[in-house]
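>>> I would like the atomic coordinates for the input below:
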Amino acid sequence: MPIALTDEMKAAFETALADGAPIIFATTNKEGMPDIGFKGSAMVFDSEHVAYWERALGTMYRNVTENSGVCLMYRNTKTKTVWKMFGHAEVLTEGPVRQAVMDRTIALELDRDPERKGAAVMIRIDRVLQAGQPLMER
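A predicted model of the protein is given here:
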């Protein structure tokens, strides 16, 4: 099963924060200590990638620079839609892809980074589960 993130996923991510269903991300540092948090700027960037604007530059940012493995979950209780995605992150602090992620970031999140010091985090999705069952896998 190839990875082919769908238009449904793209639309769900675009309105996730407004729908009260922000995307939850889990990361670990190089020692394996986990961290979890919401990313209101998460987007389906293309058919194989999810991206977000990392404005906080805190623990999760440090984690993805040390250990690229990421798990994320979209859960919308109103639509009863749940996707769990696994992949590997790349941090982009400059260049056209960073700019493209910033350009597509929702205003609510981008406004919290007025000096645009953030980084783009691009995640190549390797596996998607729905209801605990494989939906897509690289």
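
>>> Show me the shaky parts of this protein.
Along the chain, segments meeting pLDDT under 70 span 1.

>>> For it, just list every one of the helices.
7-14, 59-66, 96-104, 107-110 (DSSP state H).

>>> Which strand residues bridge the nearest residue to T59 once chain neighbours are set aside?
Setting aside the residues directly before and after it, T59 is nearest to D35 in space (C-beta to C-beta, 6 or more residues apart in numbering), at 4.9 Å. Heads up, the C-betas are built off the backbone N, CA and C, glycines and all. Counting by DSSP bridges, D35 forms beta bridges with T27.

>>> Could I get the contacting residues of D35?
Listed by C-beta atoms under 8 Å, 6 or more residues apart in numbering, the contact partners of D35 are 26-29, 59-60, 63.

>>> who wins for most neighbours among the residues you listed?
Counting neighbours by other C-beta atoms under 10 Å, T27 leads those with 25 neighbours.

>>> Hmm, that residue is touching S68, no?
No: contact between T27 and S68 fails when scored by C-beta atoms under 8 Å: they sit 9.1 Å apart.

>>> what sits in contact with each of these two?
A89.

>>> list the contacts for D46?
L5.

>>> Show me what it is bridged to.
Counting by DSSP bridges, D46 forms beta bridges with H49.

>>> For stretch 19-31, give the distance from the opening residue to the closing one.
35 Å (C-alpha to C-alpha, to the nearest Å).

>>> er, stretch 72-89 I mean
This stretch, stretch 72-89, spans 11 Å end to end (C-alpha to C-alpha).

>>> from the chain's centre, how far out does that stretch sit?
Distance of stretch 72-89 from the chain centroid (C-alpha atoms, centre = their mean, to the nearest Å) equals 10 Å.

>>> just to revisit the earlier point, quick one: the helices of the chain as a markdown table, columns for distance to A51 too.
Shown next, in a markdown table, are these (distance: least, C-beta to C-beta, whole Å):
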| stretch | distance to A51 |
| --- | --- |
| helix 7-14 | 10 |
| helix 59-66 | 12 |
| helix 96-104 | 5 |
| helix 107-110 | 12 |
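
>>> which of these sits most buried?
Most buried of those, by mean neighbour count (mean count of other C-beta atoms under 10 Å): helix 59-66, with a mean of 18.
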